[in-house]
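Asks: This is the structure alone, sequence omitted:
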């Protein structure tokens, strides 16, 4: 095993997201959902803003429910990664071992 992996967490980032057409979208919105090793999920939606389609909305998901206080919109990809890292640093959810 690489020593780097023993001493540093390997975070999932914006580049790891796989966007698909949003299941409830009427326009050109896309969504990516990813599950972290600590059991949390994040939803990233592109295309909510008609005036700036390259901005993203990020929301934390717990037990298939969006945590409203976690929603941040109009983010550039670098800030999506920042939010994703914050969520990955949260304490693990119960029964989250082996997820990811």
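Replies: Happy to help now that I have it. Predicted model only: the values in this text are computed from it and were never measured. Numbers count the residues shown, from 1 in each chain.
Asks: can you map out the helices along the protein?
Replies: According to DSSP state H, the chain carries its helices in the segments 3-7, 77-88.
Asks: closest one to residue 47 among those?
Replies: Nearest to residue 47 among those is helix 77-88; the distance by CB to CB comes to 13.8 Å. To be clear about C-beta, it is placed using only N, CA and C from the backbone, and glycine gets the same treatment.
Asks: coming back round to it: determine which of the helices of the chain shows the lowest mean per-residue pLDDT.
Replies: The minimum mean pLDDT among the helices of the chain belongs to helix 3-7 (a mean of 53).
Asks: Quick check: residue 8 vs residue 60, distance?
Replies: Plainly put, residue 8 is 23 Å away from residue 60 if you go by CB to CB, to the nearest Å.
Asks: Need the helices of the chain in TSV (columns: distance to residue 28).
Replies: Shown next, in TSV, are those (distance: least, CB to CB, whole Å):
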stretch	distance to residue 28
helix 3-7	38
helix 77-88	18
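Asks: In contact with the spatially closest residue to residue 53 that is not a sequence neighbour: list those residues for me.
Replies: Nearest non-adjacent residue to residue 53, counting by CB to CB, 6 or more residues apart in numbering: residue 47, 5.2 Å away. Contacts for residue 47 (CB atoms under 8 Å, 6 or more residues apart in numbering) come out as 22, 25, 27-30, 53.
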